[in-house]
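[1] next input, structure requested:
(one chain, ligands or ions: 1)
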Amino acid sequence: ETVEVRDALVQFMDNIFPGERNVSWGWTSGSDPCSDLWKGVDCVGSPSVRKIVLDELNLTGILNASSLCVAKSLAVLSLNDNNVVGNLPEEISNCSHLTHLYLSGNNFTGNLPNSLARLNNLKRLDISNNDFSGVLPDLPRISGLLTFLAENNQLTGEIPDFDFSNLVDFNVSFNNFTGPIPSVDGHFGASSFLGNPDLCGQPLSNSCATPPPAKKKHSSSKQYAIYSGYAILGLIIVLFVLYCVIKRKMQNAGAKNDGTENLSSKPTSTSSESKNRSRSEFSITSPENGKTSSLVVLSSPVVNGLKFEDLLRAPAELIGRGKHGTLYKVTLNNSVNVAVKRIKDWEISRDEFKKRMQRINEVKHANVLPVIAYYCSQQEKLLVYEYQQNGSLFRLLNGSQNGEMLDWGSRLNIAAGTANALAVMHQELHSDGIAHGNLKSSNILLNKDMDPCISEYGLMMVENQDEQFITQTESIEVNDDPARGSTRRFKADIYSFGVILLELLTGKLVHNSASDLAKWVHSVVREEWTAEVFDRTLISESASEERMVNLLQVALKCINPSLDARPNSSQVAVMINSIKEDEEKSLNNSSEL
Ligand SMILES: Nc1ncnc2c1ncn2[C@@H]1O[C@H](COP(=O)(O)OP(=O)(O)OP(=O)(O)O)[C@@H](O)[C@H]1O
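    A predicted model of the protein is given here:
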């Protein structure tokens, strides 16, 4: 770097870190930021400063943007989780190459400068958890913005009309924004807007009131008539909705005696009410065509001799309602908990169902949760699994803050265990055409040793998580050729597994569409800031970036839009096991030192 840039950067550091600095940081005008490796500086193979990352270093001074932006090629500035004070100066716009600006978790105050909107290259802006106030500058004019995080500040005024379809992260919760939320078209939920008492409209539940009376006083009689019309229409809609809700509630109360949702109230097994509750839940009816549909117990000593009636009588608690059915936790007489999945709308004959279950049951793997019993009648299909106390991967990544409890080693173990199980299942069931069909992180359960267990293998005939990623030609081929259709099912599992790997690596979860996460990862990787993709908890535990990148590459192969380009499950398992072996070797080496 030139002397001018060096001196300016040293000035920037003196201002943001007043006091004595550790000499090992560099940041002295006699040295070079790139070749002398100043702390937090990355020149990404060039002679000019590209990135400055000074997170969690207890910086307590001010941000001197005039000095900082003398480094013209600066693209990333990250000052997360320090105690920087003062405002964000107008001169920040001199850093015209900035693509990433992270200021979260500091004590910044004052208005955001209008010049911020002139940072045309900005893709990610995170000013969350500060004390910024005032109205937002015209940020929507930055066309490539992907992230805007501003939660927990004191910002006011209306939310400008961002292009929400382009944004992948957006959060303005817990500020003082007012007025109507611009149309987000389902791209972001209420959690992005909560905690602004005077904000209204979708996706929040409080609708915007008609204009206040003061304005009406000045409005013309025509406007007055329009507003009154809206108000009356609104009132009619509210009354109609109220009527429907009350009517439905009354019908439900009549038909089900209020017992459908929550069966956790531990009914005593002798009470006729509790029997009725269980019956109404599973609604198992009389024998069909003279044949009795009984419970088939496949394996497991815990449920030996289990009868269908035992299942019906046992207290059941609803624990989930998914796309394909409902899940109950049922406590049997011997105090064993089982999970009972009641499948919805599966057009499959009894014989076919039975054959399928028997076939799946023949293949065993330690990381696949076996079906221990099943029941099948024309109307009902129930599957019984052992209840897994430690819940699912989805819950683990979601429940603990940012998946904090799940360290890199555990994530790699889950990835490898799942890949190995999938490889065996695919190999054994390939000729039967039985793929998993609905692989996702809520179907990866953790057993008592926190090892992964794939649940619900083969319960769905087809699941098209990757539909939009299939090329048109492939889609035609698949429809025309049954063998290709079978390949497609297995390759769809690979896509889904790739998405699970992305969840493990990013800590971000799929809620509605797997393709959103895949798109987000692609967009970050394309920007060549691959490290940005990884879950920050992994970065802070100093997980090996090399192995994270390797696992990311496996994930990207799995979500390749072309079916043929995706690896098969055995290849995936080999790749992940080799990453796991590298990890173990490196741990052994470091413990020997
Ligand atoms: N055997 C089990 N033990 C403990 N928890 C389980 C078990 N099986 C499923 N769960 C959890 O119960 C919840 C509901 O499961 P369910 O299978 O109904 O939902 P889903 O997998 O999201 O939906 P679907 O399979 O219908 O697409 C999920 O969070 C799942 O992780």
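[2] could you pull out the strands in the stretch 351-500 of the chain for me?
    Along the stretch 351-500 of the chain, counting by DSSP state E, counting those that start in this stretch, strands occupy 373-376, 381-386, 444-446, 452-454.
[3] identify the residue nearest residue 132 in space, chain neighbours excluded?
    In space, and not counting its chain neighbours, residue 132 is closest to residue 153: 4.4 Å by C-beta to C-beta, 6 or more residues apart in numbering. In this view, the C-beta of every residue, glycine as well, is placed from N, C-alpha and C.
[4] related to what we said a few turns ago, okay, the strands of the stretch 351-500 of the chain in a markdown table with mean pLDDT, distance to residue 337 and mean neighbour count next?
    Listed next are those as a markdown table, based on pLDDT from 0 to 100; distance: least, C-beta to C-beta, whole Å; neighbours: other C-beta atoms under 10 Å:
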| stretch | mean pLDDT | distance to residue 337 | mean neighbour count |
| --- | --- | --- | --- |
| strand 373-376 | 86 | 14 | 22 |
| strand 381-386 | 89 | 8 | 22 |
| strand 444-446 | 95 | 13 | 25 |
| strand 452-454 | 96 | 15 | 24 |
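[5] out of those, the one nearest the ligand is which?
    When the strands of the stretch 351-500 of the chain are compared by C-beta to the nearest ligand atom, strand 381-386 sits nearest the ligand, at 4.1 Å.
[6] quick check, distance from the closest one to the centre of its chain.
    Distance of strand 381-386 from its chain centroid, counting by C-alpha atoms, centre = their mean, to the nearest Å, is 27 Å.
[7] go on, stretch 2-18?
    40 Å.
[8] what pLDDT, on average, does it get?
    Mean pLDDT, computed over stretch 2-18, is 93.
[9] what of stretch 186-206?
    Across stretch 186-206, the average pLDDT comes to 88.
[10] end-to-end on that stretch?
    Using C-alpha to C-alpha, to the nearest Å, the end-to-end distance of stretch 186-206 comes to 16 Å.
[11] may I see the buried residues of that stretch?
    187-188, 192-193, 196, 199-204 (16 or more other C-beta atoms under 10 Å).
[12] mind putting the strands of the stretch 351-500 of the chain into CSV with distance to the ligand?
    Converted to CSV, those look like this (distance: least, C-beta to the nearest ligand atom, whole Å):
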stretch, distance to the ligand
strand 373-376, 13
strand 381-386, 4
strand 444-446, 5
strand 452-454, 8
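[13] show me the contacts for the residue of the stretch 101-250 of the chain found nearest the ligand.
    Here the stretch 101-250 of the chain gets closest to the ligand at one residue, residue 189, 17.5 Å apart by C-beta to the nearest ligand atom. Contacts for residue 189 were tallied using C-beta atoms under 8 Å, 6 or more residues apart in numbering; they are residue 203.
[14] show me the contacts for residue 203.
    181, 184, 186, 188-190, 192-193.
[15] can I get the buried residues of stretch 186-206 in JSON lines including distance to residue 380 and secondary structure?
    JSON lines is the format used below for the buried residues of stretch 186-206 (distance: C-beta to C-beta, whole Å; DSSP: H, G, I helix; E, B strand; the rest coil):
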{"residue": "187", "distance to residue 380": "39", "secondary structure": "coil"}
{"residue": "188", "distance to residue 380": "39", "secondary structure": "coil"}
{"residue": "192", "distance to residue 380": "40", "secondary structure": "helix"}
{"residue": "193", "distance to residue 380": "42", "secondary structure": "coil"}
{"residue": "196", "distance to residue 380": "47", "secondary structure": "coil"}
{"residue": "199", "distance to residue 380": "46", "secondary structure": "strand"}
{"residue": "200", "distance to residue 380": "45", "secondary structure": "strand"}
{"residue": "201", "distance to residue 380": "43", "secondary structure": "coil"}
{"residue": "202", "distance to residue 380": "38", "secondary structure": "coil"}
{"residue": "203", "distance to residue 380": "37", "secondary structure": "coil"}
{"residue": "204", "distance to residue 380": "40", "secondary structure": "coil"}
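[16] let me know the closest of those to residue 33.
    Nearest to residue 33, judged by C-beta to C-beta, of those is residue 192 at 37.1 Å.
[17] just the element for the residue nearest the centre of the chain, please.
    For the chain, residue 509 is the residue whose C-alpha lies nearest the centre (C-alpha atoms, centre = their mean; 1.4 Å). Here residue 509 sits in a region with no helix or strand, counting by DSSP states H and E.
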